[in-house]
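Enquirer: sequence first, predicted coordinates after that:
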Amino acid sequence: MNKRTLGVGRAILIGAGVLMASGCGSHAATADVTVTSCAVNSSPGEGPVATLAVVNHSSKTSGYSIVVAFDTPDGATQLDTANVTVQNLNANQRTQVTATSTKQNINAPGKFICKLGEIARLAG
């Protein structure tokens with residue numbers, strides 16, 4: 001499992017867009033990823049953190065490229081994004097990854113929400 005982060009968020013969870021590579025089955029990649037937590041980060045000097053659950057519903061080993069957006073609570077302004085990758089997830093296997101914002105100035109209750117952006121599932 002490989003993680004990479006850059007985003008910002010709070011506690012309203014929202015779903016969004018998808019790209020699905022051919023050969024990965026008929027199950028949409030968006031259904032494979034959910035935001036399970038969106039919270040203020042307790043680590044000093046870091047921004048908010050979103051925790052994601054990823055379940056490979058396809059019939060083949062797959063990798064994922066996931067964008068998490070950290071927006072204002074009304075969704076009108078994007079404050080930051082985080083990019084997360086998951087590699088070599090077997091069919092029906094699950095994992096948990098985190099996306100952490102680098103913007104510590106938005107790391108406060110009520111300042112952000114987390115939502116899923118683009119999700120790409122690639123046969124691997």
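Expert: Good, I have the coordinates. Just so you know, these numbers come straight off a predicted model, no measurement behind them. Numbering: from 1, shown residues only.

Enquirer: and the nearest residue to Ala31 once chain neighbours are set aside, what element?
Expert: Closest residue to Ala31 apart from its sequence neighbours, by C-beta to C-beta, 6 or more residues apart in numbering: His57 at 6.3 Å. Yep, even glycine has a C-beta here, placed from its N, CA and C like the rest. His57 belongs to no helix or strand when elements are defined using DSSP states H and E.

Enquirer: one more: Val67?
Expert: Using DSSP H and E, the element containing Val67 is strand 62-71.

Enquirer: buried residues, that strand. List them.
Expert: 62-71 (16 or more other C-beta atoms under 10 Å).

Enquirer: does anything pack onto that strand? Which helices or strands?
Expert: Helices and strands touching strand 62-71, by 3 or more C-beta pairs under 8 Å, 6 or more residues apart in numbering; DSSP states H and E, are strand 33-39, strand 49-55, strand 78-89, strand 94-100, strand 113-123.

Enquirer: against Ala50, how distant is Arg121?
Expert: Computed as C-beta to C-beta, to the nearest Å, the Arg121 to Ala50 distance reads 19 Å.
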